[in-house]
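[1] have a look at this fold, sequence not included:
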């Protein structure tokens with residue numbers, strides 16, 4: 001059975017690298033989202049939660065708040081030693097956010 005967490009208190013290189021990757025992907029997604037919305041308008045954002053946050057609080061504050069919350073939850077998962085979940089979320093963000101934004105910017 002796949003273990004989703006570690007019970008030991010031993011340091012985890014995999015976990016440390018995973019959470020750093022997660023934070024980097026969140027930062028990249030934030031920058032790409034900001035540039036995309038500034039370039040093509042708010043309709044380009046596909047995530048309704050992020051779009052609502054940006055509508056309510058403004059582009060910079062809404063986006064920064066959403067990304068800070070995401071990073072905070074990723075760090076909580078890391079501290080709970082659920083490194084596999086953090087790795088899956090990192091891969092998901094790469095596939096669902098970074099690759100599409102990169103494709104849009106390169107096609108422009």
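    All right, it came through fine. Nothing here was measured: the structure is a model prediction, and the numbers come from that model.

[2] low pLDDT regions in this structure?
    Residues of the chain that meet the criterion pLDDT under 70 lie in 1-9.

[3] pick out the residue nearest the middle of it.
    Taking CA atoms, centre = their mean, the centroid of the chain lies closest to residue 26, which sits 3.3 Å from it.

[4] helix or strand: which one has that residue?
    helix 13-40 (DSSP states H and E).

[5] tell me the buried residues in that helix?
    15, 18-19, 21-23, 25-26, 28-30, 32-34, 36-37 (16 or more other CB atoms under 10 Å). Just so you know, the C-beta spots here come from the backbone N, C-alpha and C atoms, and that holds for glycine as well.

[6] now swap in stretch 78-88 and tell me
    Neighbour counts over stretch 78-88 (16+ other CB under 10 Å) mark 78, 81-87 as buried.

[7] check stretch 41-49 too.
    residue 45.

[8] off-centre distance for that stretch?
    15 Å (CA atoms, centre = their mean, to the nearest Å).
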